[in-house]
Structures are given as structure tokens and as C-alpha cells.
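Enquirer: what's the 3D shape of this:
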Amino acid sequence: MLLTPVATIGRSTLAMLSGIGRIGLFFLATLAAMLRPPFYLREFGHALLTIGYNSLPVVGLTALFTGGALALQIFAGGSRFNAEEVVPSIVAIGMARELGPVLGGLMVAARVASSIAAEIGTMKVTEQIDALVTLSTDPMKYLTVPRVLAATLSVPLLVAVGDSIGIFGGYIVGTGRLGFNPAAYLKNTTDFLEVWDVTSGLIKGAVFGFLVALVGCYFGMNSGRGAQGVGRATKSAVVTASVLILAANYLLTELFFTA
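Expert: Next comes the predicted model:
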């Protein structure tokens, strides 16, 4: 009885490490599939539309309200030290470096990872993936590669749009609610925002997009049978993608901005 908790911890640890290993092998198989033909451009175009273009509304609205709320919070905190003038620069830097990529990645994870996992999981349950194999079509190349490439390319564009809308949200609140001069607000934004601030956020967006699509495809491909199996795969895809985004964000921030 005394060893039961230790055994439980050990089983959980081994299961976690086994899952990490399986995802790692799936990652390597995906990279290998990207490098050899055939390439399904039609599937890539469809994935680009559903992952990128159709995610614009939710990413844009999230960025708009986040930029406005960020301006209010920075103004309230800065007023304690008579530093209200830092609102434009901090909103721009915060959106470009952190909030734009992370919130955009999380919104895409909630929308895309669940959709991919549910779609591929349903295909597995209804034996459509087995039918692809019967037709000499590699499911990895037909289902996974187009979605991973589309997410890797489209999420940085979503991040760029989200950054712009978020900074605009801060501008609206700053000039309309907090009394900033519009010209001075824009000048402070452009003076303190550097190219690397934007570039680092776009790189993060590409990494997050890759992780979201990879995780969605992995759990879809390994979905259990029946409706419950698809439901568990969808839930696991969203949770895993969100955690990986936050972990990757820390690692990339440590890499980019630590002297």
C-alpha cells in the first residue's frame, strides 16, 4: 500500500514520456513526408482557406479587445508613477512580441486543432483513411502535410493582422478614452517599435501554427473508435496544442530576448 502512490506516479510519468515519444516520431514522419512527392496542392489550398482566412474574424476581434484592455491597464498602472506616456509604446511592443502571437495561436488552436482532430478522427472511424491506403494514397501526405504547411504559413499572417488590429484597438482607447493626442500616440508607437519586435512575433506565429496542425493531425490519426474516441481526440488536441504554445513561447522568448 505504501508503494501504490509511487507506482501511480511512475505509470503516469511513463505514459507521458511515451506520448512525447510518439508525437516526436510523428513529427519526424511529417518532415520526411514534406520532402518527397507527390504534393496535393488542392488539399493545401483548401487547408489554407479554412485555417487562415476563416480564422481572421476570431483573431481580429480577440486582438482588438486585447489592445484596448492593454491600453487601459498600462495607463492605470503607469499613472501611479506618472508614466502615462508609455502607453503607446508598451501596447505596440506587447502586442507584437507576446500578446499577438500567443493569443492568435491559442485562438487558432481552439478553432483549428479541434477541427482537424475531429475531421481526421471521423475519417478514421468511418474507415476513409483505410480507403486512402487501399487507393495507394499516403494518408500522411494527403491529410497531414497540407494542413501543417498551411498552418505554418497562414498563422504568421494572422499574427501580423492581429498585431495591427490590436495596436489600432489601443489607439482607439488611447485617443478616445484616455485623452492622448492622435499624432503623438502614433509617433510614440513608431519611435519605439523595432523591426525585430515584429519579426520575432511572426517567427513565433509560424512555430505555433506548425504545432497546432501537427497536434491536431496526430490526435486525429490516433483517435479511438466511436464518437467517444473522436471526442477524446478533439479535447486532447486542444489541450496539448495550448500547452505546447505556452511552453514554446517561453523558450522562444528566452532565445530571442535574453542577453
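
Enquirer: pLDDT weak spots in the chain?
Expert: Regions of the chain meeting the criterion pLDDT under 70 cover residues 1-3, 259.

Enquirer: mind listing the helices for it?
Expert: Taking DSSP state H to define them, one finds helices in the chain at 4-34, 41-51, 56-78, 87-94, 100-108, 114-125, 128-134, 139, 145-176, 182-192, 195-221, 226-257.

Enquirer: convert the fifth one to PDB, retaining C-alpha atoms only.
Expert: Backbone C-alpha positions of helix 100-108 (Å, rounded to 0.1, in the frame of the first residue of the first chain) are rendered in PDB as follows:
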ATOM      1  CA  GLY A 100      -0.400  39.000 -30.700                       C
ATOM      2  CA  PRO A 101       1.400  35.700 -31.300                       C
ATOM      3  CA  VAL A 102       0.200  33.900 -28.100                       C
ATOM      4  CA  LEU A 103      -3.500  34.900 -28.300                       C
ATOM      5  CA  GLY A 104      -3.600  34.300 -32.000                       C
ATOM      6  CA  GLY A 105      -2.000  30.900 -31.600                       C
ATOM      7  CA  LEU A 106      -4.400  30.000 -28.800                       C
ATOM      8  CA  MET A 107      -7.400  31.100 -30.800                       C
ATOM      9  CA  VAL A 108      -6.200  29.100 -33.800                       C
END
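
Enquirer: most tightly surrounded among the helices of the chain?
Expert: Among the helices of the chain, helix 100-108 has the highest mean neighbour count (mean count of other CB atoms under 10 Å), at a mean of 26. Quick note: C-beta positions are derived from backbone N, CA and C, even for glycine.

Enquirer: where's the residue lying closest to residue 140 once chain neighbours are set aside relative to residue 192, distance?
Expert: Among residues not flanking residue 140 along the chain, residue 33 sits closest, at 4.6 Å (CB to CB, 6 or more residues apart in numbering). Distance, residue 33 to residue 192, using CB to CB, to the nearest Å: 43 Å.

Enquirer: and for residue 65?
Expert: From residue 65 across to residue 192, the span is 23 Å (CB to CB).

Enquirer: quick one: residues contacting the residue positioned nearest the centre of the chain.
Expert: Centre of the chain computed as the mean C-alpha position; nearest residue by CA atoms, centre = their mean is residue 105, 2.3 Å away. If a contact means CB atoms under 8 Å, 6 or more residues apart in numbering, then residue 105 has 155, 159, 204, 205, 208, 209, 211, 212, 245, 249 as its contacts.

Enquirer: could you measure it against residue 234, distance?
Expert: According to CB to CB, residue 105 and residue 234 sit 18 Å apart.

Enquirer: hang on, residue 97 packs against residue 199?
Expert: No. In this structure, residue 97 is not within contact of residue 199 by CB atoms under 8 Å, at 10.1 Å.

Enquirer: list the contacts of stretch 252-259.
Expert: So stretch 252-259 is contacted by 97, 98, 196, 200, 203, 204, 207 (CB under 8 Å, 6+ apart).

Enquirer: ok, those vs residue 42, which is closest?
Expert: residue 207 (26.3 Å; CB to CB).

Enquirer: got the end-to-end distance for stretch 106-117?
Expert: For stretch 106-117, the first-to-last residue distance is 16 Å (CA to CA, to the nearest Å).
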